[in-house]
Each structure stands twice: as structure tokens, then as C-alpha cells.
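**Q** Predicted model and sequence follow; I will ask about them next.
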Amino acid sequence: MIEMLLLVQAIICLFALQAKDLLNAVIFLSIFSLLNALFFFYLHAPDVALTEAAVGAGISTFIFVWIIYKTDRHDDL
């Protein structure tokens, strides 16, 4: 179970790094944070999991999306 979760996290991280659209990269990072919260919950740290879900997937995603809409969304490469 834990090996599969780590493998999926690594794949999601690679997708986030390869994304040309910044909004897609933020979505992948949000998914990564949610999977990280599941990882912490599996390791019996529910307080850390809740904090990771709230801050990593919630507040950070909101701030990143807000900033993306205030700037240019696409990478020029």
C-alpha cells in the first residue's frame, strides 16, 4: 500500500514539473499535497495530515491560483 502511494506521488510530481500551463502544475501540486496528507494519515499522524490537507492543498492552492490569474498563465518555452 505505502509503496504504491509513494510511486503515485513520484509520478504526480513529475507531471507537475513537466506541465507547461501553470494552472495544471498547481493542480498537480494540490493532488501531491492531498496524497501527502494520506501518507501522513497512514503513518498515524492525523494532526499532521489535517494540517497538510488544509495548508498544502487548501490555502496554498488558493493563493497560487489567485496569483496565476493576476499574471501570465502560460510558459513561453
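**A** Yep, it's here.

**Q** For the chain, just list every one of the helices.
**A** 2-18, 22-42, 46-51, 60-70 (DSSP state H).

**Q** Got the confidence number for D72?
**A** With respect to pLDDT, D72 has a value of 72.

**Q** count of residues packed around it?
**A** 8 (other C-beta atoms under 10 Å). Where C-beta positions appear, they are placed from N, C-alpha and C, glycine not excepted.

**Q** who touches it in this structure?
**A** For D72, no contacting residues are found, by C-beta atoms under 8 Å, 6 or more residues apart in numbering.

**Q** distance of it from F32?
**A** According to C-beta to C-beta, to the nearest Å, D72 stands 23 Å off from F32.

**Q** What of G56?
**A** When C-beta to C-beta is the yardstick, G56 and F32 sit 8 Å from each other.

**Q** what's the most buried one of the helices of the chain?
**A** Comparing the helices of the chain by mean neighbour count (mean count of other C-beta atoms under 10 Å), helix 22-42 ranks first with a mean of 18.

**Q** in this protein, which ranges drop under the pLDDT threshold?
**A** 73-77 (pLDDT under 70).

**Q** close enough to count as contact, I12 and L34?
**A** No: proximity of I12 to L34 does not meet the contact threshold set by C-beta atoms under 8 Å, at 9.5 Å.

**Q** L5 contacts F40, doesn't it?
**A** No: between L5 and F40 there is no contact under C-beta under 8 Å: 10.8 Å.

**Q** And for stretch 19-39, what's in contact with it?
**A** 2, 5-6, 8-9, 12-13, 15-17, 49-50, 52-53, 56-57, 60-61, 64-65, 68, 73-75, 77.

**Q** ok, now with 7 Å
**A** Around stretch 19-39, the neighbours that count as contacts under C-beta atoms under 7 Å, 6 or more residues apart in numbering are 5, 8-9, 12-13, 15-16, 49, 52-53, 56-57, 61, 64-65, 68, 73-75.

**Q** How far away from the center of its chain is stretch 34-51?
**A** 14 Å (C-alpha atoms, centre = their mean, to the nearest Å).
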